[in-house]
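Colleague: I'll drop the sequence and a predicted model, then ask my questions.
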Amino acid sequence: MNNPFQALSDPTRRRILEILGSGPKSAGELGAHFPMSGASVSHHLSVLREGGLVDRQKKGQQVIYTLNTTVFQEILLWIQKLKDGGST
């Protein structure tokens, strides 16, 4: 997994994550929310995948994207440790 914080740094990618919060979506369904090319949406999805924040699964001809909640849980635990005063 690469850096999830780098993936979170872009507002478009954060919006994609918000949309995926309502359930799995295809790249086309996600792209319908943005005034950009399919290639640009694919790039953002690739960055999110490299950051470990989304998973993808092929269903026939479609690729379906879902949130990888495990990474979000790890980030929240890390933030909680920082808030509580540091390391374990």
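Modeller: Nice, I can see it. Numbering: from 1, shown residues only.

Colleague: going forward, measure contacts between C-alpha atoms and count neighbours the same way
Modeller: OK.

Colleague: Name the residues that touch stretch 54-74?
Modeller: Stretch 54-74 is contacted by residues 17, 20-21, 23-27, 45, 48-49, 52-53 when judged by CA atoms under 8 Å, 6 or more residues apart in numbering.

Colleague: what comes up buried for that stretch?
Modeller: Neighbour-count burial for stretch 54-74, counted by 16 or more other CA atoms under 10 Å, picks out 54-56, 64-68, 71.

Colleague: Let's verify S22: helix, strand, or coil?
Modeller: Of the three states, S22 takes coil under DSSP: H, G, I helix; E, B strand; the rest coil.

Colleague: Quick check: phi and psi at it.
Modeller: phi -90, psi 0 (degrees, to the nearest 10).

Colleague: Next one: it from L67, what distance?
Modeller: For S22, the distance to L67 equals 10 Å [CA to CA, to the nearest Å].

Colleague: circling back: quickly name whichever of the contacts of stretch 54-74 is closest to D10.
Modeller: Proximity of these to D10 (CA to CA) peaks at L48, which lies at 10.1 Å.

Colleague: so that closest one sits in a strand?
Modeller: No. Residue state for L48 (three-state DSSP) corresponds to helix; a strand is not indicated.

Colleague: Now for I16, how many residues are close by?
Modeller: By the measure other CA atoms under 10 Å, the count of residues near I16 is 21.

Colleague: How about A39?
Modeller: Neighbour tally, A39, other CA under 10 Å: 10.

Colleague: Read off the pLDDT value for it.
Modeller: If you check A39, the pLDDT there is 95.

Colleague: Could you check which helix or strand contains it?
Modeller: Using DSSP states H and E, A39 sits in helix 38-50.

Colleague: and if you look at Q80?
Modeller: helix 69-83.

Colleague: one step back: after the helix holding A39, which helix or strand is next? Please name it.
Modeller: Downstream of helix 38-50 (by DSSP H and E), the next one is strand 54-59.

Colleague: No further queries at this time; thank you.
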